[in-house]
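Visitor: Any chance you could fold what I've pasted below:
(one chain, ligands or ions: 2)
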Amino acid sequence: MSSSASPSPDGAAERPQERLHPQEHTHLQEHFDRTIAKDQRIEPRDWMPEGYRKTLVRQIAQHAHSEIIGMQPEGDWITRAPSLRRKAILFAKVQDEAGHGLYLYSAAETLGADRQDLTERLIEGRQKYSSIFNYPTPTFADVGVIGWFVDGAAICNQVPLCRSSYGPYARAMVRVCKEESFHQRQGYELLMTMMRGTEEQRAMVQDAVDRWWWPSLMMFGPPDEDSPNSAQSMAWRIKRHSNDELRQKFVDMTVPQAEKLGVTLPDPELRWNEERGQHDFGRPDFTELMRVIKGDGPCNAERVGRRRTAHEEGAWVREAAAAHAAKQARREEKEHAA
Ligand SMILES: [Fe+2]
Ligand SMILES: [Fe+2]
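Guide: Numbering: from 1, shown residues only. Ligands and ions are numbered 1, 2, ... in the order given. Reported below is the predicted structural model:
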């Protein structure tokens, strides 16, 4: 993409230094601030502070990587799904996640990021993706619990992002959220079916719930007091709610669903707080979150390794497409000249 962009250490390509008169800079900054204050969108053509652009590139890239890496834990079950119906549903779901990754890489490109560069940062471990996808999926109940918890958590996170201040990101989220809501329902429907099945199937569901509950709560990130960049992101209206607010929303949404399903959430401190009108719940193990983010989760090496192999094995497709495009351009040039 943008040939003027050169890589910088944090993944947000540098733009050539704008040489603006200080007065002009103040004018642009004021216009940007007013746009944000009025809750209007910033578009790719608009001037934006460098920090805003870099924060967005980092967040959107991480989000895109999460969608793509997130195909793996469930993708493992496509060949082993218990029926044709389950296979078709799972196939569609995993394919949707690939689509989400593509919308998001495109949104990052509108900010001057280079897709190839973002992919390299992911497979070299220089850019992160959601910690949740580093946990294994040993049983088919995991497919259901991922849909229910992980896509449910994604909905809590992403619905407010539909009002994010950056236009292309906000618009991508509108479509993504519609699909996430289907993902959550397919997961819950699968679990409902299993809960109506045998004792063994019910035990599988409970076991998967026990394993995924805490990692799902960690998906919202560190507690607010340890999340120093959140305040700036909220001031820029990239983010609309704090990590702890979203975590609370997820718990309040999930508890009644667990009751209806007939499973227990593995938290002895979980109870309704009449005064707050919300649930109290235990503190996730944030040292585990940090460890998994830093690369030491149960499946980090496997996930990134598989993505790296896929990228290497796809090299010939990218080369062939580039060669075809070059040939096409030469032909058009010749026709023009004739
Ligand atoms: Fe997704
Ligand atoms: Fe999803």
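
Visitor: which ones are touching D39?
Guide: Contacts here follow Cβ atoms under 8 Å, 6 or more residues apart in numbering; on that basis D39 touches R163, S165, R237. For every residue, glycine as well, the C-beta is placed using N, CA and C.

Visitor: Surely the first one touches Y169?
Guide: No: between R163 and Y169 no contact is recorded; they are 10.4 Å apart, counting by Cβ atoms under 8 Å.

Visitor: higher neighbour count, those two?
Guide: Legend: neighbour count by other Cβ atoms under 10 Å for R163 and Y169, higher for Y169 (24 against 13).

Visitor: buried ones in the helix or strand where Q257 lies?
Guide: Element membership of Q257, judged by DSSP states H and E, is helix 243-261. By 16 or more other Cβ atoms under 10 Å, the buried positions in helix 243-261 come out as 243-244, 246-251, 254-255, 257-258, 261.

Visitor: Same question for stretch 165-184.
Guide: 165-170, 172-173, 176-177, 179-180, 183-184.

Visitor: Tell me the one of those nearest E109?
Guide: P168 (9.1 Å; Cβ to Cβ).

Visitor: For the closest one, which residues are in contact?
Guide: Contacts for P168 were tallied using Cβ under 8 Å, 6+ apart; they are E43, P44, S106, A107, T110.

Visitor: Could you identify which of those residues has the most neighbours?
Guide: Result: A107 is most packed of the contacts of P168 (other Cβ under 10 Å), 25 neighbours.

Visitor: What pLDDT is listed against that residue?
Guide: With respect to pLDDT, A107 has a value of 96.

Visitor: Please renumber the chain so that the first residue is 9 from this point on.
Guide: Sure thing, new numbering starts at 9, so read that last one as A115.

Visitor: Quick check: it touching M181?
Guide: No: counting by Cβ under 8 Å, A115 does not reach M181; the two are 9.2 Å apart.

Visitor: Doesn't H287 belong to a strand?
Guide: Yes: using DSSP: H, G, I helix; E, B strand; the rest coil, the secondary structure at H287 is a strand.

Visitor: how close does the spatially closest residue to it that is not a sequence neighbour get to P231?
Guide: Leaving aside its sequence neighbours, H287 sits nearest to V259 (Cβ to Cβ, 6 or more residues apart in numbering; 5.1 Å). Separation of V259 from P231 (Cβ to Cβ, to the nearest Å) stands at 14 Å.
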